[in-house]
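1. coordinates for the following, if possible.
(one chain, ligands or ions: 1)
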Amino acid sequence: MLRIAYRPIALLLCTVALVGLIAVRPLSTYAEAARAGRALPRASAPAALRVWPASHPSRAQLRRAETAGFPAPARAAPVVKQVPARIEGAGPRMRGELVAQTERLDLYVGKSTFSPNQIKALSAKFERVLRAAEDQFGTTLKHRVSIGFYRTPPKKGVRGMAYTSEARVELYYRPGEDTGRAVTIAMHELGHHLEAQRYGEAAQRRADTILHEGLATWIASIRWLDQCDASSWRERARQLRGAGIPLRLTTAERSGADNAYELWASFVDYLTRQYGWKKFDALYASGRGRAPGSASYQKVLGKSLDELADEWRAWVTQ
Ligand SMILES: [Zn+2]
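-> Next comes the predicted model:
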């Protein structure tokens with residue numbers, strides 16, 4: 001067993017072990033359009049139309065517009081995002097001391113792990129990474145979740161577990177360890193809660209590991225890629241390949257849990273760009289168990305997992 005463990009009980013839906021987490025830019029307009037299932041923006045408008053590109057005009061463009069007598073293009077307005085409302089009440093009671101409550105999260109600290117003051121000081125950050133996860137995935141948490149920090153994992157090397165049916169997350173760290181990495185793992189585990197929110201508990205429980213762990217890692221892109229010093233999942237897969245990690249999906253865990261999760265996140269990124277979110281959601285929901293490859297790739301996307309893996313490798317390496 002690697003540093004991942006699955007137990008055949010409904011509660012234990014995710015484990016993650018990060019050792020080698022090692023940067024991220026916001027998704028491009030292309031990625032956002034692809035995720036929303038919209039047509040990709042054109043690289044340039046037809047020459048005869050003489051319109052301005054939809055993106056922010058540069059200062060040089062504005063100067064040229066003034067000199068040429070064109071009406072100056074308006075600068076695009078920033079998007080005002082709505083902040084999710086506080087969810088009243090409390091999350092489930094966990095072991096240890098309740099050290100902080102944010103708008104949607106309750107934070108508990110057990111013995112011999114991070115200190116209560118450390119977690120209290122980080123509480124707003126956990127809420128922010130939840131919001132970033134929701135923005136990335138387009139799904140909002142509908143119930144409070146409790147996050148508890150403990151010293152001893154259920155299996156060696158495990159760093160986090162999402163108990164989605166119980167609205168809980170457990171994280172396993174020793175005193176003095178890197179709190180930044182713990183925040184990234186918390187974001188991944190909250191990603192599993194968002195998966196359960198979007199697809200339903202039953203579908204998540206029988207989701208193909210490639211999609212289940214790949215998606216939770218993809219949801220945590222903003223932090224995870226930061227720690228890999230990669231600007232995209234495509235780049236991350238290239239980095240891994242350059243380091244000698246084979247671009248394989250069903251046997252990815254042979255290269256270690258972190259590498260497997262990152263290869264799967266890259267595959268998820270490719271599928272959502274190439275086939276769109278409607279198809280991806282149907283694919284996720286078609287899983288017949290945790291075994292890698294259990295989803296109905298042929299039926300939903302019209303291609304076998306092997307064929308899709310070939311496409312993904314060509315995308316990564318082209
Ligand atoms: Zn996970």
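
2. interface residues of the stretch 101-250 of the chain facing the ion?
-> E213, A216 (C-beta under 5 Å from the ion). Where C-beta positions appear, they are placed from N, C-alpha and C, glycine not excepted.

3. how about the helices in the stretch 101-250 of the chain?
-> 116-137, 179-199, 201-205, 209-219, 221-228, 233-242 (DSSP state H, counting those that start in this stretch).

4. in the first one, what counts as buried?
-> Neighbour counts using 16 or more other C-beta atoms under 10 Å place 116, 118-119, 122-123, 125-127, 129-134, 136-137 of helix 116-137 among the buried residues.

5. swap in the third one?
-> Judged by neighbour count using 16+ other C-beta under 10 Å, the buried positions of helix 201-205 are A203, Q204, R205.

6. any regions of this protein where pLDDT drops low?
-> Residue ranges of the chain with pLDDT under 70: 1-74.

7. just give me the residue closest to the centre of it.
-> Nearest to the mean C-alpha position of the chain, by C-alpha atoms, centre = their mean, lies I219 at 1.3 Å.

8. got the contact list for it?
-> A133, Q136, F137, M187, H188, L190, G191, L194, E195 (C-beta atoms under 8 Å, 6 or more residues apart in numbering).

9. report the contact partners of the first one.
-> Listed by C-beta under 8 Å, 6+ apart, the contact set of A133 reads M187, L190, G191, L194, I219, A220.

10. how does it look with 10 Å?
-> Contact partners of A133, counting by C-beta atoms under 10 Å, 6 or more residues apart in numbering, are 139-141, 186-191, 193-194, 216, 219-223.

11. how's this structure carved up into domains?
-> Listed by automatic domain parsing, the domain ranges of the chain are 1-47+83-199, 206-318.

12. comparing those domains, which comes out most buried?
-> Highest mean neighbour count of the domains of the chain: domain 206-318, a mean of 20 (counted as mean count of other C-beta atoms under 10 Å).

13. mind checking the end-to-end distance for that domain?
-> End-to-end distance for domain 206-318: 33 Å, by C-alpha to C-alpha, to the nearest Å.

14. gap between that domain and the chain center?
-> Offset of domain 206-318 from its chain centre (C-alpha atoms, centre = their mean, to the nearest Å): 12 Å.

15. can you tell me if the lengthiest helix in the chain touches the ion.
-> Longest helix in the chain by number of residues (criterion: DSSP state H): helix 257-285. No: Helix 257-285 does not reach the ion (C-beta under 5 Å from the ion); its nearest approach is 7.3 Å.

16. how far off helix 116-137 does that helix point, in degrees?
-> 50 degrees (axes from the mean of the first three to the mean of the last three C-alpha atoms, to 10 degrees).

17. taking helix 233-242 as reference, get the angle to helix 257-285.
-> Counting by the same axes, to 10 degrees, helix 257-285 points 140 degrees away from the direction of helix 233-242.

18. ok, then the element right after helix 257-285?
-> helix 297-301 (DSSP states H and E).

19. name the residues that touch that next one?
-> 208, 210-211, 271, 274-275, 279-286, 295, 303-309, 311.

20. returning to what we had before: of the helices of the stretch 101-250 of the chain, which is nearest L171?
-> Checking these against L171 by C-beta to C-beta gives helix 179-199 as the closest, at 5.6 Å.

21. please name the nearest non-neighbouring residue to the residue nearest to the centre of the chain.
-> Distances taken as C-beta to C-beta, 6 or more residues apart in numbering put G191 closest to I219, at 3.4 Å, once the chain neighbours are dropped.

22. W218 is in contact with that neighbour, correct?
-> Yes: G191 lies in contact with W218 (C-beta atoms under 10 Å); the separation is 7.8 Å.

23. which neighbours do these two share?
-> Q136, F137, W224.

24. I figured the second one was touching Y199, is that so?
-> No: F137 is not in contact with Y199 according to C-beta under 10 Å; the separation is 11.1 Å.

25. any residues in contact with both of the two?
-> L215.

26. any idea of the angle the longest helix of the chain forms with helix 209-219?
-> Using the same axes, to 10 degrees: helix 257-285 against helix 209-219 is 110 degrees.

27. orientation of helix 257-285 relative to helix 221-228 in degrees?
-> Relative orientation of helix 257-285 versus helix 221-228 (the same axes, to 10 degrees): 160 degrees.

28. residues in contact with the residue lying closest to G214 once chain neighbours are set aside?
-> Spatially, and ignoring its direct neighbours in sequence, G214 is nearest to W264 (3.0 Å; C-beta to C-beta, 6+ apart). The contact partners of W264, by C-beta under 10 Å, 6+ apart, come to 208-218, 233, 249, 252-253, 292.
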